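Q: kindly return the folded structure for what I paste below:
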Amino acid sequence: MNKFVSRFALVGAGVSLVAAQAHAAGTDAISAALTAIDLSSVVTTVGVIGVAVIGIVMAFKGIDLGKRAVKKA
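A: Residues are numbered from 1 along each chain as shown. Predicted coordinates for the structure are as follows:
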């Protein structure tokens, strides 16, 4: 357990060092990542994927409801 704690502390120190360097340079890692991504294309892609997934799920649900109606008839 002692090795785990020391490795965890080392990783935490490394992350804080990188964050401090990025902050000292005046560039925030999150804002740099968000400016690098064109969000308009991401929103369109996520919307299209969402509509496709919902359409597929509704098609399967329609098949299930049809089978249930045939069994009850």
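Q: what's the burial count for residue 28?
A: 13 (other Cβ atoms under 10 Å). The way it works is simple: take the backbone N, C-alpha and C, and place the C-beta from them, glycine included.
Q: pLDDT score for it?
A: The per-residue pLDDT reported for residue 28 equals 75.
Q: same question for residue 61.
A: pLDDT, residue 61: 95.
Q: switch to numbering from 8
A: With 8 as the first residue, the last one maps to residue 68.
Q: what about it, helix or strand, and which?
A: helix 46-79 (DSSP states H and E).
Q: residue 42 too?
A: Per DSSP H and E: residue 42 is located in helix 36-43.
Q: go through that helix and flag the buried ones.
A: Residues of helix 36-43 include none that count as buried (16 or more other Cβ atoms under 10 Å).
Q: got the domain boundaries for this protein?
A: 8-44, 45-80 (automatic domain parsing).
Q: comparing these, which gets the lowest mean pLDDT score?
A: Mean pLDDT is lowest for domain 8-44 among the domains of the chain, at a mean of 61.
Q: pull the number of nearby residues for residue 47.
A: Other residues close to residue 47 by other Cβ under 10 Å number 8.
Q: meant to ask about residue 57, not that
A: Residue 57 has 10 nearby residues by other Cβ under 10 Å.
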